[in-house]
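Novice: got a predicted model here, sequence first, then my questions.
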There are 2 protein chains.
Amino acid sequence: MARTKEFDPDAAVDKAMEMFWANGYAATTPQQLVEALGIGRGSLYNAFTSKRALYERALRRYYERETTRLLQVLDGPGPARERLRAALELLVAAAVDDRERRGCMVTNAAVELADRDEVIAHLVRRTFERQEAAFRSTIEEGQRDGDISADRDAAALAAFFLTTINGIQVLAKADPDPRRLSRLAETALSVL
Amino acid sequence: MARTKEFDPDAAVDKAMEMFWANGYAATTPQQLVEALGIGRGSLYNAFTSKRALYERALRRYYERETTRLLQVLDGPGPARERLRAALELLVAAAVDDRERRGCMVTNAAVELADRDEVIAHLVRRTFERQEAAFRSTIEEGQRDGDISADRDAAALAAFFLTTINGIQVLAKADPDPRRLSRLAETALSVL
DNA sequence: CGTTTTTTGTAACTAGAGTTCAAGAAAGGT
DNA sequence: ACCTTTCTTGAACTCTAGTTACAAAAAACG
């Protein structure tokens, strides 16, 4: 039949994801991609059609791969309140460790592209909805356990937490001060 | 002596600001700028040196012109709590009315450029600090008046509000649902 | 009114973006 | 062994970004 691919497309998407994540969509060039993926220009376009299409795959990969840690913490064991704290602390730690300050690729995509590209916007919304749902079920669990006051609207609180984590991503881009971000997260938790 | 400019540089910066605000830095081309400002390419570069330099001026203009409404509301009359609510509602209303979903140019700059451009990052931080300071003094006023519980750390609350407004900008990029944003703001206020 | 100085519009230039294509090469089926 | 298919490489192509050069023109001032 046909010749086999010499590179692993999955690994290539991972590398493209790193590129787009760090530099954004518009500021990433085919040249950089070719160098980062270690393949020829032809192979790039043969395998991925266009820069735009590759970005979309990269963002989907991010959604599957990098977005789950937060969900795992929220869906994990322990008191709801503690899980919410752990989730925010996870983000703060990630932001502080992120020396390149790439932030969250979904947040970046939301700001750079969601207003002009409906497909990207849809993907962003899907990510947000999933995170919001995880916040919400954690909060509802806490309310059932009496851990969190039951007279609050769990949906509203969940949307609020979603806002908070996106706000943290933005602040960290300009000034990733650990103490400040920690206190921030602490304050957000005091809403409960 | 010398010939005078035919166009108003200030007005030109305003138009450039609109462009960069709506499209971001990388996605805005000299061609678009020339058309939007209604001047020739030569005049553009004669007056503003480079795209980068013009962007910087545009962002400074935004800082001076578009960032003040929030401060005015916060520094205005009335009970502190009401001013904080009005400030958040102002942002929500602006986001909802923003049919192009340009969001906040400073938030956009933070996400697109602050991690790679120290000058932009500095400008972003300055904006954030000013907003945070306004939140803080409003909160402290509220605490003196007994309007806001005095045992909370005003600085931490101010940083928290700053996060919230940036989070709202991000969410609104993907899904500017008025009801959701309003309830969000309401929930954030319940931290007080 | 003429000199000076700056502006302006147009063309030009370089570099690179984003994509395509031709020629060959590996894999497998017959 | 050959044919087909799909891969790879690298050059090539078009288009535009971002900037500069230049000649003409026009305003301010003496």
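Specialist: Noted; the coordinates are in hand.
Novice: and the gap between the residue lying closest to residue A:184 once chain neighbours are set aside and residue A:187?
Specialist: Leaving out its chain neighbours, the residue that sits closest to residue A:184 by CB to CB, 6 or more residues apart in numbering or on different chains is residue B:159, at 5.1 Å. All C-beta atoms are positioned from the backbone trio N, CA, C, and that covers glycine. Per CB to CB, to the nearest Å, residue B:159 is found 7 Å from residue A:187.
Novice: and residue A:78, by the same measure?
Specialist: Going from residue A:78 to residue A:187 by CB to CB gives 21 Å.
Novice: isn't residue A:176 right up against residue A:97?
Specialist: No: judged on CB atoms under 8 Å, residue A:176 makes no contact with residue A:97 at a distance of 9.2 Å.
Novice: which one's more surrounded, these two?
Specialist: The residue with more neighbours, out of residue A:176 and residue A:97, is residue A:176; 19 against 9, by other CB atoms under 10 Å in any protein chain shown.
Novice: which stretches of chain A form helices?
Specialist: A:9-23, A:30-37, A:41-48, A:51-65, A:68-75, A:80-97, A:105-113, A:118-144, A:154-174, A:178-189 (DSSP state H).
Novice: what domains does the record give for chain A?
Specialist: A:9-62, A:66-189 (automatic domain parsing).
Novice: right, and DNA strand D sits closest to which residue of chain A?
Specialist: Closest residue of chain A to DNA strand D, CB to the nearest atom of the strand: residue A:42 (2.1 Å).
Novice: number of residues surrounding that residue?
Specialist: 9.
Novice: any idea of the pLDDT on it?
Specialist: Predicted confidence (pLDDT) for residue A:42: 92.
Novice: how far away is it from residue A:8?
Specialist: For residue A:42, the distance to residue A:8 - CB to CB - is 17 Å.
Novice: tabulate the helices of chain A (TSV), appending distance to residue B:90.
Specialist: Formatted as TSV, those follow (distance: least, CB to CB, whole Å):
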stretch	distance to residue B:90
helix A:9-23	33
helix A:30-37	40
helix A:41-48	43
helix A:51-65	32
helix A:68-75	30
helix A:80-97	26
helix A:105-113	20
helix A:118-144	23
helix A:154-174	16
helix A:178-189	21
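Novice: looking at the ones you listed, spot the one closest to residue B:118.
Specialist: Among the helices of chain A, helix A:154-174 comes nearest to residue B:118, with 10.5 Å by CB to CB.
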